[in-house]
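Visitor: Got a predicted model here, sequence first, then my questions.
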Amino acid sequence: MIENGPKIGVMVCGHGSRDEGAVREFESVARGIRERLPQYEVDSGFLEFATPIIRTGLDNLRESGHDLVLAIPGMLFAAGHAKNDIPSVLRTYEAQNPGMKIEYGRELGIDTKLIKAAADRIQEAVDSANKENGDVPINETMLMVVGRGASDPDANSNVSKVMRLLWEGFGFGWGEVCYSGVTFPLVEPGLEHAAKLGYKRVIVFPYFLFTGILVKRIYSYTDLVAERHPEIDFVKAPYLSDHPQVLDAFADRVQEILDGTNVMNCKLCKYREQVLGFEAEIGLPQESHHHHVEGIGTGPAEDHDHGHSHDHSHGHSHGHSHDHSHGHSHGHSHGHGHDHDHHHHPYPHADHPLGPVTMKKEDGIA
């Protein structure tokens with residue numbers, strides 16, 4: 001902290017819940033953030049239902065001499081509460097207390113730390129199900145990620161992105177999303193649909209920070225649908241809660257306000273951070289391997305003088321499941337020795353039964 005600079009405090013803004021368990025878990029998260037940011041006083045409060053309210057936390061920080069508050073929403077995604085309600089409370093407070101400046105950070109969003117936390121929870125569920133009911137291959141297991149559900153399609157679509165990162169990272173047979181409220185499909189119809197797909201096991205993972213009526217409802221609907229489909233092993237995965245990676249991500253959000261950092265989606269770039277399932281590619285140089293086809297124009301492939309007989313769904317395997325030298329080993333005829341730098345890194349699930357392995361030359365399409 002700069003000497004003689006502002007006295008900085010941190011405010012964690014929760015949604016609030018009628019559920020005492022959810023309030024306790026939020027307080028445990030606030031405690032975890034406090035432990036990670038010992039240089040600041042960290043207070044917390046709720047938007048609705050529970051106390052203390054956000055204003056009370058801000059009062060505490062103001063009374064203890066803080067003139068700059070770094071406020072972060074204690075939420076996974078930015079929908080109405082993070083985009084509108086909390087900023088409104090903060091702006092009103094700031095207007096009424098001109099001696100205090102409040103800087104507002106971003107929600108947790110889609111972040112490699114959150115994906116790692118989610119992966120741990122799912123792995124926990126898979127391990128436990130294997131122990132209790134016997135092993136089921138991962139590609140015969142389906143993942144159902146359950147989001148909160150909002151009237152904001154941006155927040156809803158983020159759940160789909162999280163699901164895809166987890167689906168692809170693990171190599172599940174199939175992945176889908178459903179929601180606990182507000183939007184569609186809701187949990188029961190979502191799980192009924194999942195039951196039709198023929199998977200032996202369905203992992204139901206609530207992408208939620210805290211317990212509460214909605215998580216309880218998700219688990220209840222899972223039990224209900226499981227009763228109707230005894231041939232399928234429905235597995236309830238734990239929600240995120242105060243996983244250490246979640247707490248680290250909250251601390252990052254505070255630091256971002258101070259740093260004024262660029263928050264574009266480089267965080268999910270597989271070359272920058274260890275994205276689940278693509279760990280081997282971290283730190284690889286980012287360079288174009290399509291330089292040899294730049295500007296050659298469109299039109300029938302045969303006009304291009306170096307017949308690309310492969311579809312660019314990298315890692316595809318015509319008669320092979322994993323070629324770890326290249327991700328494709330079926331004799332490119334690019335008109336220049338193709339043994340050099342044009343590597344597509346091997347796709348970790350090249351042998352997925354619904355993926356590249358199915359693209360056989362004899363199909364007449366590949």
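Guide: That came in fine, so what should we check first?

Visitor: what's the helix or strand for Phe49?
Guide: Under DSSP states H and E, no helix or strand contains Phe49.

Visitor: scratch that, Ala71 is what I was asking about
Guide: Per DSSP H and E: strand 68-73 holds Ala71.

Visitor: which outside residues touch that strand?
Guide: 6-13, 40, 58, 61, 81-82, 86, 90, 100-107, 250, 253-254, 257-258 (C-beta atoms under 8 Å, 6 or more residues apart in numbering). C-beta here means a position set from N, CA and C on the backbone, and glycine is covered the same way.

Visitor: Filter these down to the buried ones, PyMOL style.
Guide: The buried residues among the contacts of strand 68-73 can be selected in PyMOL (16 or more other C-beta atoms under 10 Å) with this line:
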select buried, resi 8+9+10+11+12+13+40+58+61+81+82+86+90+100+102+103+104+105+107+250+253+254+257
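
Visitor: Just the ones in helices from the contacts of strand 68-73, please.
Guide: Those of the contacts of strand 68-73 mapping onto helices are Leu58, Leu61, Ile86, Leu90, Phe250, Arg253, Val254, Ile257, Leu258, per DSSP state H.

Visitor: Retrieve the pLDDT associated with the second one.
Guide: Pointing back at Leu61 there. Leu61 carries a pLDDT value of 98.

Visitor: circling back to that earlier point, can you redo the ones in helices among the contacts of strand 68-73 as a markdown table with distance to Gly74?
Guide: As requested, the ones in helices among the contacts of strand 68-73 are exported to a markdown table (distance: C-beta to C-beta, whole Å):
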| residue | distance to Gly74 |
| --- | --- |
| Leu58 | 15 |
| Leu61 | 16 |
| Ile86 | 9 |
| Leu90 | 13 |
| Phe250 | 7 |
| Arg253 | 10 |
| Val254 | 12 |
| Ile257 | 15 |
| Leu258 | 18 |
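
Visitor: Could you find the closest non-adjacent residue to Gly355?
Guide: Among residues not flanking Gly355 along the chain, His349 sits closest, at 6.4 Å (C-beta to C-beta, 6 or more residues apart in numbering).

Visitor: same thing with Glu192?
Guide: Val225 (6.1 Å).

Visitor: Surely that neighbour touches Gly190?
Guide: No - here Val225 lies out of contact with Gly190, judged by C-beta atoms under 8 Å, at a distance of 9.1 Å.

Visitor: residue ranges of the helices in this protein, please?
Guide: Under DSSP H, the chain gives helices at 20-36, 54-63, 80, 86-96, 112-133, 153-170, 187-195, 213-228, 244-259.

Visitor: Which positions in the longest one come out as buried?
Guide: When you say that, I think you mean helix 112-133. 112-122, 125-126, 129.

Visitor: for this protein, which residue is closest to the average position?
Guide: Val162 (3.6 Å; C-alpha atoms, centre = their mean).

Visitor: Could you measure from that one over to Tyr199?
Guide: 20 Å (C-beta to C-beta, to the nearest Å).

Visitor: and what of Arg253?
Guide: 36 Å.

Visitor: Report how many residues lie close to the residue nearest to Glu192.
Guide: The tally of other residues near Val225 (other C-beta atoms under 10 Å) stands at 22.

Visitor: sorry, back to before: specify the next element, helix or strand, located C-terminal of the strand holding Ala71.
Guide: Next element after strand 68-73 (DSSP H and E): helix 80.

Visitor: pLDDT of that following helix, averaged?
Guide: The model assigns helix 80 a mean pLDDT of 83.

Visitor: Determine how far it lies from the middle of the whole chain.
Guide: 19 Å (C-alpha atoms, centre = their mean, to the nearest Å).

Visitor: what do you get for stretch 14-23?
Guide: That offset, for stretch 14-23, works out to 22 Å (C-alpha atoms, centre = their mean).

Visitor: Endpoints of it, how far apart?
Guide: 9 Å (C-alpha to C-alpha, to the nearest Å).

Visitor: pLDDT weak spots in the stretch 101-250 of the chain?
Guide: The stretch 101-250 of the chain contains no residues with pLDDT under 70.

Visitor: can you list the domains in the protein?
Guide: 8-107, 112-236, 287-366 (automatic domain parsing).

Visitor: and the ones you listed as JSON lines, adding distance to Ala280?
Guide: Shown next, in JSON lines, are the domains of the chain (distance: least, C-beta to C-beta, whole Å):
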{"stretch": "domain 8-107", "distance to Ala280": "28"}
{"stretch": "domain 112-236", "distance to Ala280": "13"}
{"stretch": "domain 287-366", "distance to Ala280": "7"}
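
Visitor: Out of those, flag the one nearest Gln274.
Guide: Nearest to Gln274 among the domains of the chain is domain 112-236 (6.6 Å), distances taken as C-beta to C-beta.
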